[in-house]
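Visitor: Mind folding the following:
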Amino acid sequence: MVDEELRWMDATEQADLVRSGQVSAAELLSEARERVSRLNPALNAVIVELDPGSGGLDDAGPGGPGDGGPDDTGPGGPGDGGHHDSAPAAPFAGVPFLVKDLALEIAGTPFSEGSRWLAGNVSGHDQELARRFRRAGLAVMGKTNTSEFGLSPHCEPALHGATRNPWNLALSTSGSSGASAAAVAAGIVPMAHGNDLGGSLRYPAAWCGVFGLKPSRGRVPLGPEYGDVVGGLAAEHALTRTVRDSAALLDAVAGPAPGDPYWAPPQERPYLAEVRTPPGRLRIAATATPHGGQSAHPDYLRAFEETVELLESLGHTVEEGQPEPLGRAGHRAMRAVYGGAAAWIEAYWTRRLGRGPQPGELEPYTEVLFERGRKVTAGEYLQGMEELQRFTRRVAAFFEDFDLWLTPTVGWPPLPLGTLTATAEDPLRGERQAGRFLMFNGEHANVTGNPAMSVPLATDSAGLPVGFSFLAAYGGEATLFRLAGQLEQARPWAGRRPSVGGLTRGREAPGADPGA
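Guide: Here you go, the predicted model:
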């Protein structure tokens, strides 16, 4: 089977080929490595290549440790909540996979979180999610780029350089999971890990034309190293080409670990089954009016109206509406909470490395955030969390009347590389520029813990992807997967392929013409 056939198959189909013996796991891995060699010089998405059989992770071979059997403590074993015992062992056996170089640690592998301060750092333990990925059969073959500590909505760290959007190499992927999104969009792997503290799964999904789901708080474990990560604002999952891959992967890894501070409501049945289930008549609130007075791109407004028409044609009720905005008190709270997060990052790594950052080791924006964080008191942080929890209750009341809230995921097409980065002279430049596309309260999902997804339903006049965000009630992943499956059938997107696929060796240089 030629590489181009395998390249655009989703993870489910690749795993089926391995199970049937048509392709070996070694062949899948070899082809994926060849794509890294061929495509990554243009994209700069993969920063570390790994041997899937090395590191501290368990062997995922059938019948061996990590096979999903009854003695395992991962999904389907003790401690997983017992709500997906029917999930098959190692559903993605042999499928190549990439992990974002942020939060998810794998023993014995480089771990820099996009910072020169951490250059040369090597992880000494495995995160529970990494173990569950391996038990699902995934061949973790590398790590993807990220902004420094994931603090910016781009993927252009000084340490590793910029990741480029496969739809146009001169444009940003957004972030901080932008490199994972780029790798999936370019066909290097069918899906890749990402995480989301303020939209970092969904924004890159929108700009790279892939499917991105942020699960409910507590759905995927963050331990053993972390407990709640900023009051539970952070969530782990993946970027995928198809909805079924996202659902099946969540089935494989979901469920609390013993001692987790949050437990999401148990799922009624596998999410993969939800993808194939009609959603019924949903009540959808929708708006394309930005929260901060910005102007959404005309192509996005056109695509929004087309999306509303599509939803109505599928039998759903759509009306203008939205949860209340954070407001002045909420934004003050977010500033305190994010400031506390920055202070935690600095304190955590100072303790772990045994030294603080030296001159030149931090990017200008990170330095500003750390400085802000040092000024936030414990009382201010806790007051901020209380305000966000009050806000969460008000949003929960909104979902008594609606099943979903629809907006464009972002309000503007991908920005040129460098637009979102800071400079020594203007360390807040990227923060200001982010307002050019972050205008639809994507942080609601993180503040409330509710699940949200970005669905690549349209393209703009330049042929670039346009994603649409759907926010559900807490624990409402089933509703999202049902609608996503319906939308994928009505308006398929997996066949859209970026121009970077036409590049060949020797012509893959930064800034190269993606149509060359």
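
Visitor: Only C-alpha atoms from now on, for both contacts and neighbour counts.
Guide: Noted.

Visitor: top helix in the protein by residue count?
Guide: The residue-count maximum for a helix in the chain (DSSP state H) belongs to helix 327-353.

Visitor: For that helix, which residues meet the burial criterion?
Guide: Taking 16 or more other CA atoms under 10 Å as the basis for neighbour counts, the residues of helix 327-353 that come out buried are 330, 332-344, 346.

Visitor: Following element in sequence after the helix or strand harbouring residue 207, please.
Guide: Following DSSP states H and E, the helix or strand that holds residue 207 is helix 202-208. Of the helices and strands lying after helix 202-208 in sequence (DSSP H and E), the nearest is strand 211-214.

Visitor: For the helix or strand that that following strand is followed by, name the packing helices and strands.
Guide: Tracing the chain past strand 211-214, the next element assigned as helix or strand by DSSP H and E is helix 229-232. Packing contacts for helix 229-232, counted by 3 or more CA pairs under 8 Å, 6 or more residues apart in numbering; DSSP states H and E, involve helix 327-353.

Visitor: Give me the helices and strands touching the helix it packs on, please.
Guide: Using 3+ CA pairs under 8 Å, 6+ apart: helix 327-353 touches helix 229-232, helix 364-374, helix 378-398.

Visitor: mind putting the ones you listed in TSV, distance to residue 435 and mean pLDDT included?
Guide: As requested, the helices and strands packed on helix 327-353 are arranged in TSV below (distance: least, CA to CA, whole Å; pLDDT from 0 to 100):
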stretch	distance to residue 435	mean pLDDT
helix 229-232	23	92
helix 364-374	16	98
helix 378-398	21	97
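
Visitor: Indicate which one of the ones you listed is closest to residue 176.
Guide: For the helices and strands packed on helix 327-353, distance to residue 176 was read as CA to CA. The smallest value, 13.9 Å, belongs to helix 364-374.

Visitor: now for that closest one, which elements pack on it?
Guide: Contact partners of helix 364-374 among helices and strands, from 3+ CA pairs under 8 Å, 6+ apart: helix 327-353.

Visitor: Kindly recompute the last result at 10 Å.
Guide: Judged by 3 or more CA pairs under 10 Å, 6 or more residues apart in numbering; DSSP states H and E, helix 364-374 is in contact with helix 327-353, helix 429-433.

Visitor: Out of those helices, which is closest to residue 473?
Guide: Nearest of the helices and strands packed on helix 364-374 to residue 473, taken as CA to CA: helix 327-353 at 19.6 Å.

Visitor: for that closest one, what is the average pLDDT?
Guide: When pLDDT is averaged over helix 327-353, the result is 97.

Visitor: now it against helix 378-398, angle please.
Guide: For the pair helix 327-353 and helix 378-398, the angle between their directions (axes from the mean of the first three to the mean of the last three CA atoms, to 10 degrees) equals 130 degrees.

Visitor: picking up where we left off before, can you add distance to residue 416 and give the helices and strands packed on helix 364-374 back as a markdown table?
Guide: Formatted as a markdown table, the entries for the helices and strands packed on helix 364-374 read as follows, by distance: least, CA to CA, whole Å:
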| stretch | distance to residue 416 |
| --- | --- |
| helix 327-353 | 26 |
| helix 429-433 | 11 |
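
Visitor: For the protein, give me the ranges with low pLDDT.
Guide: When residues are selected by pLDDT under 70, those of the chain lie in 1-2, 54-88, 501-516.

Visitor: Just give me how far the longest helix of the chain sits from the chain centre.
Guide: Put simply, helix 327-353 sits 21 Å off its chain's centre (CA atoms, centre = their mean, to the nearest Å).
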